[in-house]
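Engineer: 3D model of this:
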Amino acid sequence: MWQKLLLEHERQTIALDFLDSLTERFKGFPDFGKISLLQIELLIQTMNESLAQNIIEGVIADHNQGKFLRPETLDHLHHVLWDRATKYYKEEKYYEALEWYTYSFKLCSGRQIERNIASLERNIAACFLRLKEPLKAKEALKEAERHHPNCIFTYFYFYKIAILENDVVAASHAIDEMERAVTDPDSTAWMSEQSLANLLKLAAQFALENRQHCAAIKALECLSLHLDDCGLIAADFKCLVPLIMYKINGKTGEEITSDLENLLKYLTAAYYRYDEEFGKDMTTFETRVSEVQWFRKTAWTFATMSGGCLRLTKDLFLISFKFARLCPAEKTVLVDQRLCLLMAIAIGLEMGRNSSTGQNELLVEALGHIETCWDIGTYLKETGNFSEDTSDTLLLLYEFEARVKLGDPRVTSLLDTILERPNIDTKMLESIASLAMAPPAYCPSLAKKALRKLLTISKCEPFDGLTFSKCIHSLIQLTLPSDAPGTDPYALAESQGYFEEALKILDSMVLRSSYPDEEIFWLMVRAWNIGVYYNTLARYVTAEQWCRVAMFFLNHLRDICTSYRRKMTAFYQVLMDRLPGAKGPSPNK
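Structural biologist: Numbers count the residues shown, from 1 in each chain. Below you'll find the model as predicted:
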């Protein structure tokens, strides 16, 4: 207390002289170090720093010769040295700060706590970084890591060096190590996630200051996982999203897949955090709704950009839907929910078509989403906010595809419901017929049911010759898959009805012009081949019936070559000669 009293009364010289006398008198005593410590403190306080440094260097020389200060005195001296170094560091006098940290380092002994030594090494590394000497900083950090493994502060400095060296890989590794040091159950770091979050904020800021966008993205992505407050999570993402947009701008779908995979991971984590907290604090409810709206729109935007990976696109639409589910059930939000699911369903079915494994899982998932879509639509209709639109048609088509490929027996009643709809679209019926036969489905009865409906519609005013001809073609192909019809009389009779249906249209002078010649030719060849087949079986009556049908179609092909017509006529005449009894009338007349 006496030195403080002397200083207060501006008696520094007296205090220093008194300490000098004590030095001469008690040199060699065990507590002599306390006198040196008092001298150092007094000289620093009186701005005689160079003299203080001389005494410190003397203490270091004694230390190296085995003349150690008492532990409590040494600890106090370290505290004085660190205070002085910190002062210079804050004043941006990094050489001076390094000098005072070095004094402390030279006085370290085996009894020093390892973590204190590691902290000192990090402080030295910080000075080297400011002095643009990254190699020396790295060496100091390696020593710090040796004394205190798995310390997030050490990895943070490694991160800063990587940023300054433009080493994105090393920066990313340092972020991973920081996270592992806190979250790994086997870690002995004993640091809180809040400490990690604070450092990650600084890491992102440092990367942005040095124009390292990729490293900033990594830090912000990691930060989003370790924030407790939903508002902070939203703020983090509002920094992160523009950076990702900047990074992926101009890249192809495949090139951005990895970036969007990471984004999906962090969006999903954010969703679960919001889902857990949503609605608990009504004072912030409107703010949270606004944030969730922003998240769902962001997910939708990135989904539309991720065409290189169907699974990723589907999952981004689904996370957009999940965020939308947290919003109040307003019409706009519900319509957007339905649209997200429609996109996810369409993509899931497309993935199923291209997948040899896991198709059933995708189809079952699609059915679940379809059911949710119907529920949303029903709610909207009940509240008078929704009228039937094209999305209902799509849903029916998607549901048919999923059920028919799963072999679900309910697909028959579903088709009946579809066929009973007013103003049913012809393209939809064509799609249903195609889906009923697309592997793994094989339901010719369902396909024909849809095609017969299509046939009826195509004959209505105005007559659609192209649709009608394609429909007849498909019905015949489904009924008689080959030119060798076998022994099924029902299939033969059914197919004959389709041929006759086509002939009725062709016999109409008004409708003939709209029937494609290539389809007439196909019908002629098909009927002729069936007739030839029965001729080989010596079933001449049946053969003549089919060949006669073929000849009728031949009469509608004016541009067919003469030799073709002559050969068919000659064969038909031979076939007529083989018939028992009188010859029938020639179809050429």
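Engineer: going forward, measure contacts between C-alpha atoms and count neighbours the same way
Structural biologist: Noted.
Engineer: Break down the stretch 101-250 of the chain into its helices, ranges please.
Structural biologist: Taking DSSP state H, counting those that start in this stretch as the test, the helices found in the stretch 101-250 of the chain are 114-130, 134-147, 152-164, 168-183, 193-209, 213-224, 230-248.
Engineer: For A52, which of these is the nearest?
Structural biologist: A52 lies closest to helix 114-130 among those, at 20.8 Å (CA to CA).
Engineer: wait, what's in contact with Y159?
Structural biologist: 170-172, 174-175, 203 (CA atoms under 8 Å, 6 or more residues apart in numbering).
Engineer: let's see 7 Å
Structural biologist: Y159 is in contact with 171, 174, counting by CA atoms under 7 Å, 6 or more residues apart in numbering.
Engineer: I'd like the distance from it to L349, if you could.
Structural biologist: 44 Å (CA to CA, to the nearest Å).
Engineer: before we move on, what SS does the closest residue to A52 other than its chain neighbours have?
Structural biologist: Among residues not flanking A52 along the chain, I40 sits closest, at 4.8 Å (CA to CA, 6 or more residues apart in numbering). Of the three states, I40 takes helix under DSSP: H, G, I helix; E, B strand; the rest coil.
Engineer: what's the neighbour count on I40?
Structural biologist: Neighbour count for I40, taken as other CA atoms under 10 Å: 24.
Engineer: what do you get for R539?
Structural biologist: Other residues close to R539 by other CA under 10 Å number 15.
Engineer: returning to that earlier point: any chance of the helices of the stretch 101-250 of the chain in JSON lines, with mean pLDDT and distance to D416 too?
Structural biologist: As requested, the helices of the stretch 101-250 of the chain are exported to JSON lines (pLDDT from 0 to 100; distance: least, CA to CA, whole Å):
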{"stretch": "helix 114-130", "mean pLDDT": "89", "distance to D416": "76"}
{"stretch": "helix 134-147", "mean pLDDT": "92", "distance to D416": "72"}
{"stretch": "helix 152-164", "mean pLDDT": "93", "distance to D416": "65"}
{"stretch": "helix 168-183", "mean pLDDT": "90", "distance to D416": "57"}
{"stretch": "helix 193-209", "mean pLDDT": "89", "distance to D416": "59"}
{"stretch": "helix 213-224", "mean pLDDT": "92", "distance to D416": "50"}
{"stretch": "helix 230-248", "mean pLDDT": "90", "distance to D416": "48"}
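Engineer: Format the ones you listed as JSON lines; extra columns: distance to D392.
Structural biologist: Below are the helices of the stretch 101-250 of the chain laid out as JSON lines (distance: least, CA to CA, whole Å):
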{"stretch": "helix 114-130", "distance to D392": "64"}
{"stretch": "helix 134-147", "distance to D392": "62"}
{"stretch": "helix 152-164", "distance to D392": "53"}
{"stretch": "helix 168-183", "distance to D392": "47"}
{"stretch": "helix 193-209", "distance to D392": "46"}
{"stretch": "helix 213-224", "distance to D392": "38"}
{"stretch": "helix 230-248", "distance to D392": "34"}
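Engineer: For Y103, find the nearest of these.
Structural biologist: helix 114-130 (10.7 Å).
Engineer: Report the inter-axis angle for the closest one versus helix 152-164.
Structural biologist: Angle, helix 114-130 to helix 152-164, by axes from the mean of the first three to the mean of the last three CA atoms, to 10 degrees: 20 degrees.
Engineer: quick one: helix 114-130 to helix 134-147, angle?
Structural biologist: Using the same axes, to 10 degrees, the inter-axis angle of helix 114-130 relative to helix 134-147 is 170 degrees.
Engineer: In helix 114-130, which residues are buried?
Structural biologist: For helix 114-130, burial by neighbour count (16 or more other CA atoms under 10 Å) applies to 115, 117-129.
Engineer: Nearest to M305, out of the residues you listed: which one, please.
Structural biologist: Among these, and counting by CA to CA, the member closest to M305 is L129, at 40.2 Å.
Engineer: Next, the contact list for that closest one, please.
Structural biologist: A137.
Engineer: okay, now the domains of this structure?
Structural biologist: The record's domain parsing of the chain by automatic domain parsing lists 1-23+32-69, 329-457, 459-589.
Engineer: Now do the strands in the stretch 401-550 of the chain.
Structural biologist: Using DSSP state E, counting those that start in this stretch, no strands are found in the stretch 401-550 of the chain.
Engineer: how about low-confidence regions in it?
Structural biologist: Within the stretch 401-550 of the chain, the stretches with pLDDT under 70 are 483-487, 509-511.
Engineer: Help me confirm that the residue nearest to A52 comes into contact with S50.
Structural biologist: No. Applying CA atoms under 7 Å, one finds I40 not in contact with S50, separated by 10.0 Å.
Engineer: Overlap in contacts, those two.
Structural biologist: With CA under 7 Å, 6+ apart, I40 and S50 have no common neighbours.
Engineer: what's around V168, how many residues?
Structural biologist: As a burial measure, V168 scores 20 neighbours (other CA under 10 Å).
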